[in-house]
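Asks: only geometry, no sequence info:
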């Protein structure tokens, strides 16, 4: 009996996900070896401070090094696993690994979203694999599903909940009807939200993931900075109550679809909270969970749901990528054919031309004729009304509390809605700027 | 510029799915060629009657043949796609294709569930791939998810809705509160259910799919005939009403989990309708849709949802398998390492030892002391009660209408429940045998 083959791995970074990778390789060693017919062995771990004591897992001190390049270039390393984060040192490390003809696994959505062409161009020239399942939706195998499961299909649109922190905060707001700021502070205290939550709650993290999904679905890179983004801080508890009254819940969505000619037309891509009909499956994706709802030509609707973050779920995707790379290696082949090659850069649909139904909440003085003025302006901008709810009068006519008028529109052009709201917000009867949340369709 | 490479395909069968494959290869030809860097071309189609006119797609008459072996052995055929169904001719054809060193794609769940070892043993010896994504859940890429997406994980349990016909019938019964037989007759008239619906509504089709899922999740073949099965015909509209009262819906489930030592312990596998808590994602999987809810060590819960049947969804899985085989061919490699090799045959948990909470509906004479007798017998068999609902008395004491007593138990051994029900059903106060539906946990 011969000894099993072994694949050498260098980890760059030993934070939460890196620790999870070490733990998973140990915990599931037998199952992985049975499935792969080989062992995955960590041979070096590049860290900033080898003397740091509070690691999430215990590792052999001899594996640790501060020298990223040395870890990459060890002759017994086949796969480099980049878990450093960021787009400067991490980019250098990934390109160095590719140059050294190491296969790469990365969980770095920002790096891929911003430097897709450079990374995959280098990988193609070097003949190595770059896998990135953990970069989108943590443990949910959405990359494999889109790249392989739906390889014969044509995706028409995707609607996803891809930021667990935003979903956790909105879910908790929905249950408790307490304001955004309170729930955010709690989530930070519990470690569910970063000290600087901007990237999560402002939609930046979701936009990175959306850019990667767009690439897989529509074969084009897009400029992440050009993706229109609203953060979840636009949602107040009263909006959750109105949404429920109309049969919706509010979820932090990413949306992408192609317009015009399949394969060549412009791409619509956006990140914002939206009202989702309560009977949609996405409406039940709560807490920190992620899900992507895909509409494709042959399959029709399908959905993929699971943990979008966390030590072990994310590590699971990373290690599954290592296993696939190892399988490719044993088959003496790179799998570059497995990844779509963007053959063209497709334009994005301009923000003003995006269409959606809207939830609009106006805070107005309680005066006769208010509703008529609002409706007239909306109508003049071709924004057609589906439903209107107007609160009763406040207790005193001169009360500081505004009266709420909530309008649900039919599908309308974003540019038209913005123009109408510009006029409305300038009216003397208006107490505060309109609150605008899109309705998912 | 060189001509694109071409992969030759022989289709065995040109029914609904075969027609879908032809259509999809045409409709998505450009996208497939862009992704694969090659063309998939149908070179022969084996059919029973080449003169049949009402095909679901128009095909070149010259492609049709009645000679299965000739289609397989054409020198320009690389992939044989078995869409004949059944386990006799289809088995011969698949083994002949493997012997001729053709890669195989099949949608045939019965063949794989019953002859797994023989088919994959032959494929391994011949060094060819056998792919079968379409055999379970139609277009939902659950095979790829389990085999590759969760390759580094350890599945603990799965709960699936894998038979679209059963789900359609139960969903329609739930909406309309009309009896099973009526809805089945309608579904047959509409072509949603087979003329002989036994395999679908009796759980046989689901058991085939479950055997394949068990193989992927737990690395063992199981005897399909030994899987305990209840059909959905045990469900009456009144059970749907009671389920709703308690906060449940009734779904046609397959369930599998491992007991004892991970990797070696016995396997629990069963097929039956069950009460599912209304707030579970599975509760919202309605109509003909399928879904599999997976609980695994690292990822935790995840769910995969979509069309479990239909011409294009099923064809989508078949053609995605062809693409993956073509990629493997270009990489000059079989992917045999990609499939788990059952290293042992694991025992099944005996039916009597299966545990679950139960919904029990008793039809009794309205007499004092009835409830006491039922409770005493259940208690004597260690079946602990969670909730009881007893109907009010019927209009006349001698009415033919039984009084319903509905009991929800805590988790209990199936053997104990059956023993208790044996005693209860023999009581003079009992008007009809107890209705038994498990509650999903």
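Replies: Yep, it's here. If you're wondering where the values come from, they're calculated on a predicted model, not measured in any experiment. Numbers count the residues shown, from 1 in each chain, chains lettered A, B, ... in the order given.
Asks: alpha carbons only for contacts and neighbour counts from here, please
Replies: Fine.
Asks: which non-adjacent residue is nearest residue A:248?
Replies: residue A:277 (4.4 Å; CA to CA, 6 or more residues apart in numbering or on different chains).
Asks: Hmm, I typed the wrong one, I wanted residue A:99.
Replies: Nearest residue to residue A:99, sequence neighbours excluded (CA to CA, 6+ apart): residue A:126, at 6.6 Å.
Asks: returning to what we had before: which residues are in contact with the residue nearest to residue A:248?
Replies: A:247, A:248, A:249, A:283, A:440 (CA atoms under 8 Å, 6 or more residues apart in numbering or on different chains).
Asks: Which pLDDT value belongs to it?
Replies: Looking at residue A:277, its pLDDT stands at 92.
Asks: Tell me the spacing between it and chain B.
Replies: Using CA to the nearest CA, to the nearest Å, one gets 13 Å for the distance from residue A:277 to chain B.
Asks: try residue A:331
Replies: 5 Å.
Asks: tell me, how many neighbours does that residue end up with?
Replies: Under the neighbour criterion other CA atoms under 10 Å in any protein chain shown, residue A:331 is assigned a count of 18.
Asks: The spatially closest residue to residue A:356 that is not a sequence neighbour and chain B, how far apart?
Replies: In space, and not counting its chain neighbours, residue A:356 is closest to residue A:411: 4.6 Å by CA to CA, 6+ apart. Distance, residue A:411 to chain B, by CA to the nearest CA: 26 Å.
Asks: isn't residue A:411 right next to residue A:358, touching?
Replies: Yes: judged on CA atoms under 8 Å, residue A:411 makes contact with residue A:358 at a distance of 7.2 Å.
Asks: isn't there a strand covering residue A:362?
Replies: Yes: assessed by DSSP: H, G, I helix; E, B strand; the rest coil, residue A:362 belongs to a strand.
Asks: which residues pair with it across the strands?
Replies: Beta-bridge pairing for residue A:362 (DSSP bridges): residue A:405.
Asks: How about the contacts made by it?
Replies: Per CA under 8 Å, 6+ apart, neighbours of residue A:362: A:404, A:405, A:406, A:430, A:432, A:433, A:434, A:435.
Asks: Run a quick check on residue A:120 versus residue A:130, I expect a contact.
Replies: Yes: with contact defined as CA under 8 Å, residue A:120 counts as touching residue A:130 (7.3 Å).
Asks: neighbour count winner among these two?
Replies: Neighbour totals were compared for residue A:120 and residue A:130, and residue A:130 leads with 27 against 20 (other CA under 10 Å).
Asks: Where do the helices of chain A begin and end?
Replies: Applying DSSP state H to chain A gives helices spanning A:16-27, A:29-36, A:68-73, A:89-99, A:109-126, A:142-144, A:164-176, A:180-190, A:198-201, A:204-218, A:237-245, A:311-330, A:370-380, A:414-425.
Asks: and the longest one, how far out from the chain's middle?
Replies: Between the mean C-alpha location of helix A:311-330 and the chain-wide mean there is a distance of 20 Å, by CA atoms, centre = their mean, to the nearest Å.
Asks: and that helix, what's its mean pLDDT?
Replies: For helix A:311-330, the per-residue pLDDT averages 94.
Asks: returning to what we had before: let me know how buried the residue nearest to residue A:99 is, in neighbour terms.
Replies: Neighbourhood size, residue A:126 [other CA under 10 Å]: 15.
Asks: Can you give me the distance of it to residue A:330?
Replies: 18 Å (CA to CA, to the nearest Å).
Asks: what's the closest residue to residue A:291 other than its chain neighbours in contact with, if anything?
Replies: Leaving aside its chain neighbours, residue A:291 sits nearest to residue A:305 (4.2 Å; criterion: CA to CA, 6+ apart). Counting by CA under 8 Å, 6+ apart, residue A:305 makes contact with A:140, A:285, A:289, A:290, A:291, A:292, B:302, B:303, B:304.
Asks: Kindly report the same for residue A:311.
Replies: Residue A:311 touches A:16, A:17, A:19, A:20, counting by CA under 8 Å, 6+ apart.
Asks: The residues you listed into a markdown table, with extra columns for pLDDT and neighbour count?
Replies: Converted to a markdown table, those look like this (pLDDT from 0 to 100; neighbours: other CA atoms under 10 Å in any protein chain shown):
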| residue | pLDDT | neighbour count |
| --- | --- | --- |
| A:16 | 92 | 17 |
| A:17 | 94 | 24 |
| A:19 | 95 | 20 |
| A:20 | 96 | 24 |
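Asks: Just give me the closest of the residues you listed to chain B.
Replies: If you rank the contacts of residue A:311 by distance to chain B using CA to the nearest CA, residue A:20 comes first, at 9.2 Å.
Asks: can you tell me how far the closest one sits from residue A:315?
Replies: 5 Å.
Asks: Correct me if wrong: residue A:228 contacts residue A:271.
Replies: Yes: shown here, residue A:228 and residue A:271 form a contact pair, counting by CA under 8 Å, at 6.2 Å.
Asks: Looking at the two, which is more packed in?
Replies: Between residue A:228 and residue A:271, residue A:271 has the larger neighbour count (other CA under 10 Å), namely 26 against 16.
Asks: Give me the distance between the more buried one and residue A:162.
Replies: 10 Å.
Asks: what is in contact with the two at once?
Replies: Both residue A:271 and residue A:162 are in contact with A:206, A:253, A:254, where contact means CA under 8 Å, 6+ apart.
Asks: export the residues you listed to TSV and tack on pLDDT and neighbour count?
Replies: Putting the shared contacts of residue A:271 and residue A:162 into TSV (pLDDT from 0 to 100; neighbours: other CA under 10 Å) gives the following:
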residue	pLDDT	neighbour count
A:206	97	29
A:253	96	30
A:254	96	26
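Asks: Next up, the contacts around the closest residue to residue A:222 other than its chain neighbours.
Replies: Excluding the flanking residues, the one nearest residue A:222 by CA to CA, 6+ apart is residue A:211, at 6.2 Å. Residue A:211 is in contact with A:113, A:221, A:222, A:223, A:224, counting by CA under 8 Å, 6+ apart.
Asks: Give me the nearest residue to the second one, chain neighbours excluded.
Replies: Spelled out, it's residue A:221. Nearest to residue A:221 is residue A:215, by CA to CA, 6+ apart, at 5.4 Å.
Asks: Near the one you found, how many other residues are there?
Replies: When neighbours are defined as other CA under 10 Å, residue A:215 has 20 of them.
Asks: so it touches residue A:224, yeah?
Replies: No: if you go by CA under 8 Å, residue A:215 and residue A:224 don't touch, sitting 11.4 Å apart.
Asks: Need the helices of chain A in a markdown table (columns: distance to residue A:390).
Replies: Listed next are the helices of chain A as a markdown table, based on distance: least, CA to CA, whole Å:
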| stretch | distance to residue A:390 |
| --- | --- |
| helix A:16-27 | 49 |
| helix A:29-36 | 60 |
| helix A:68-73 | 62 |
| helix A:89-99 | 53 |
| helix A:109-126 | 43 |
| helix A:142-144 | 42 |
| helix A:164-176 | 22 |
| helix A:180-190 | 24 |
| helix A:198-201 | 30 |
| helix A:204-218 | 34 |
| helix A:237-245 | 11 |
| helix A:311-330 | 46 |
| helix A:370-380 | 8 |
| helix A:414-425 | 16 |
